[in-house]
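S.K.: The sequence isn't on hand, but the structure is:
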């Protein structure tokens, strides 16, 4: 009943609704258990995606995967971002993670694709551990 729980919160709390619409994340999400909170906070929940990288379905660095419910948030950038393989880590993750709005996330992913270089990937690669270990930016 996760969708129902989320909807009930959004119906009751206009502040949470505004934050959800802006970032598509909540600092205190009623759907997340204590164990899930720890996994998200430490980014351990991302580790299973390494299997997707090994299988060639994802790259290590790139824009985050786009789920069907989020396609409309990408607007005209969707065509650009959907053409590349999604990544486990990326520029928006090392640029603020959950502090950024969804629109900023989309713009950063588009910037990454338009400006891709080996050196940009190296920058992201070296900044990823710092971003993961700075728990304050994780949702």
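M.R.: Done, it's in. The structure displayed is predicted, hence computed values, not measured ones.
S.K.: which phi and psi does the residue nearest the centre of the chain have?
M.R.: When the chain is reduced to its mean C-alpha position, the closest residue under CA atoms, centre = their mean turns out to be residue 64, at 5.8 Å. Dihedral pair for residue 64: phi -70, psi 150, per degrees, to the nearest 10.
S.K.: how would you label residue 124: helix, strand or coil?
M.R.: When classified by DSSP: H, G, I helix; E, B strand; the rest coil, residue 124 comes out as helix.
S.K.: ok, it - how many residues close by?
M.R.: Applying other CB atoms under 10 Å, we find 22 residues neighbouring residue 124. Just so you know, the C-beta spots here come from the backbone N, C-alpha and C atoms, and that holds for glycine as well.
S.K.: What of residue 105?
M.R.: Residues lying near residue 105 (other CB under 10 Å) number 26.
S.K.: Please apply the same query to residue 134.
M.R.: Counted with other CB under 10 Å, the burial measure for residue 134 works out to 11 neighbours.
S.K.: go on, residue 70?
M.R.: Neighbourhood size, residue 70 [other CB under 10 Å]: 15.
S.K.: Surely it is in contact with residue 23?
M.R.: No - look at residue 70 against residue 23 with CB atoms under 8 Å: they stay out of range, at 11.8 Å.
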